[in-house]
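1. sequence and predicted structure, then a few things I'm wondering about:
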Amino acid sequence: MPVCENCNYKWTYGQTTIEQLRLRKVMRCPNCHEKQYSTKKSQAIDVIISLVLIFTLVTVKNMDQPSLINIFLYAVGIFTVQQLVRPFITSLSNTKTTL
């Protein structure tokens, strides 16, 4: 779980998930309310996971003509797994960095 660099508050799984689902680049610490940003390392890991999951989706799509419903369900499953894993790989920084 991420830790605030200002107050060393360890975020809970729920707090991290809610902040990430808001799709903002800035996350506010629930304890001290200071701005926190994802580190380059956690951004890179998130991109790698996304690419791997997209690659597996394309691979499944090309296998023996699966139905659109199966592809959709697989895509929803991939998104769900990614969202469940993201809080564990997120690390925070006081400074804004871009990948």
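-> Looks like it arrived, so ask away.
2. list of residues touching stretch 90-99?
-> 1-6, 16, 20, 25, 27, 34-44, 47 (C-beta atoms under 8 Å, 6 or more residues apart in numbering). Heads up, the C-betas are built off the backbone N, CA and C, glycines and all.
3. tell me which residues in stretch 9-19 are buried?
-> 9, 11, 15-17, 19 (16 or more other C-beta atoms under 10 Å).
4. meant to ask about stretch 17-26
-> Of all the residues in stretch 17-26, those buried under the rule 16+ other C-beta under 10 Å are 17, 19-20.
5. a markdown table please, covering those and showing secondary structure, distance to L51 and pLDDT.
-> Formatted as a markdown table, the buried residues of stretch 17-26 follow (DSSP: H, G, I helix; E, B strand; the rest coil; distance: C-beta to C-beta, whole Å; pLDDT from 0 to 100):
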| residue | secondary structure | distance to L51 | pLDDT |
| --- | --- | --- | --- |
| T17 | helix | 22 | 87 |
| E19 | helix | 23 | 85 |
| Q20 | helix | 18 | 82 |
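6. so what's the most centrally placed residue in the chain closest to, chain neighbours aside?
-> Central residue check for the chain by C-alpha atoms, centre = their mean: the C-alpha nearest the mean position is that of R86, 3.7 Å away. Leaving aside its sequence neighbours, R86 sits nearest to Q20 (C-beta to C-beta, 6 or more residues apart in numbering; 5.7 Å).
7. gap between that neighbour and F88?
-> 11 Å (C-beta to C-beta, to the nearest Å).
8. what does T56 give?
-> Counting by C-beta to C-beta, the gap from T56 to F88 is 20 Å.
9. ranges for the strands of the protein?
-> 26-28, 35-38, 92-93 (DSSP state E).
10. looking at the ones you listed, which is buried most?
-> strand 35-38 (a mean of 20; mean count of other C-beta atoms under 10 Å).
11. distance between that strand and the chain's centre?
-> Relative to the centre of its chain, strand 35-38 is centred 14 Å away, using C-alpha atoms, centre = their mean, to the nearest Å.
12. the helices in the chain, which residues?
-> 13-21, 40-61, 68-89 (DSSP state H).
13. in JSON lines: the ones you listed, plus distance to K96.
-> Shown next, in JSON lines, are these (distance: least, C-beta to C-beta, whole Å):
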{"stretch": "helix 13-21", "distance to K96": "16"}
{"stretch": "helix 40-61", "distance to K96": "11"}
{"stretch": "helix 68-89", "distance to K96": "19"}
